[in-house]
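Peer 1: here is a sequence with its predicted model. Questions after.
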Amino acid sequence: MPLLKIAYAANILILVPVCYSMFFGSGVGSVFEGHVVESAGLRLLVGSLWAAILLASAAGLVYPAFFAPVLLIQIVYKALWLGIFVLPLIIAGDPWPRGISYCFLAIIVTYPLLFWFGYMRAA
């Protein structure tokens, strides 16, 4: 299970500043680089989701197998967001949020490997 801890640690490193920005900073505007319209409701919704993942990732450092589904949920929702929101922007030649997109892409490429080698092979 130590490989799963890499994903949890990465989540923590990524999400602490992101959650701070969502609740106390510029929120959606900075995280999505101005490509998603800012609103209090969206900031609270996305901030709450990411805060839940942050807390589950902290717990995952202690109980990696139990919190493994959090990693799977991240893979699915980030892949969907890239495919449904970002890819059409790229195809159309429109501006797209590069920072968060590259971060999401790195996660959907690496987390399945960490999950497979850290959880499935240990089971």
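Peer 2: Good, I have the coordinates. Residues are numbered from 1 along each chain as shown.

Peer 1: please make it C-alpha for all contacts and neighbour counts, starting now.
Peer 2: Will do.

Peer 1: quick one: residue 32 and residue 102, what's the gap?
Peer 2: According to CA to CA, to the nearest Å, residue 32 stands 12 Å off from residue 102.

Peer 1: give me the mean pLDDT for stretch 104-112.
Peer 2: Stretch 104-112 shows a mean pLDDT of 96.

Peer 1: looking at residue 32 and residue 102, which is more packed in?
Peer 2: residue 32 (17 against 12; other CA atoms under 10 Å).

Peer 1: and the helices in the protein?
Peer 2: 2-24, 28-31, 40-62, 68-81, 87-92, 98-115 (DSSP state H).

Peer 1: where does pLDDT dip in the protein?
Peer 2: By pLDDT under 70, the weakly predicted segments of the chain are 1, 119, 121-123.

Peer 1: in stretch 89-107, which residues are buried?
Peer 2: For stretch 89-107, burial by neighbour count (16 or more other CA atoms under 10 Å) applies to 96, 97, 100, 101, 104, 107.

Peer 1: kindly export that stretch (C-alpha atoms) in PDB.
Peer 2: Extracted in PDB, the C-alpha atoms of stretch 89-107 (Å, rounded to 0.1, in the frame of the first residue of the first chain):
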ATOM      1  CA  LEU A  89     -12.100  23.900 -26.200                       C
ATOM      2  CA  ILE A  90      -8.900  22.600 -27.600                       C
ATOM      3  CA  ILE A  91     -10.500  21.300 -30.700                       C
ATOM      4  CA  ALA A  92     -12.300  24.600 -31.300                       C
ATOM      5  CA  GLY A  93      -9.000  26.500 -30.800                       C
ATOM      6  CA  ASP A  94     -10.400  28.400 -27.800                       C
ATOM      7  CA  PRO A  95      -8.500  29.300 -24.700                       C
ATOM      8  CA  TRP A  96      -8.500  26.600 -22.100                       C
ATOM      9  CA  PRO A  97      -7.300  26.300 -18.400                       C
ATOM     10  CA  ARG A  98      -3.800  24.800 -19.000                       C
ATOM     11  CA  GLY A  99      -2.600  24.500 -15.400                       C
ATOM     12  CA  ILE A 100      -5.400  22.600 -13.900                       C
ATOM     13  CA  SER A 101      -5.800  20.600 -17.100                       C
ATOM     14  CA  TYR A 102      -2.200  19.400 -17.000                       C
ATOM     15  CA  CYS A 103      -2.500  18.600 -13.300                       C
ATOM     16  CA  PHE A 104      -5.700  16.500 -14.000                       C
ATOM     17  CA  LEU A 105      -4.000  14.800 -16.900                       C
ATOM     18  CA  ALA A 106      -1.000  13.800 -14.700                       C
ATOM     19  CA  ILE A 107      -3.400  12.400 -12.200                       C
END
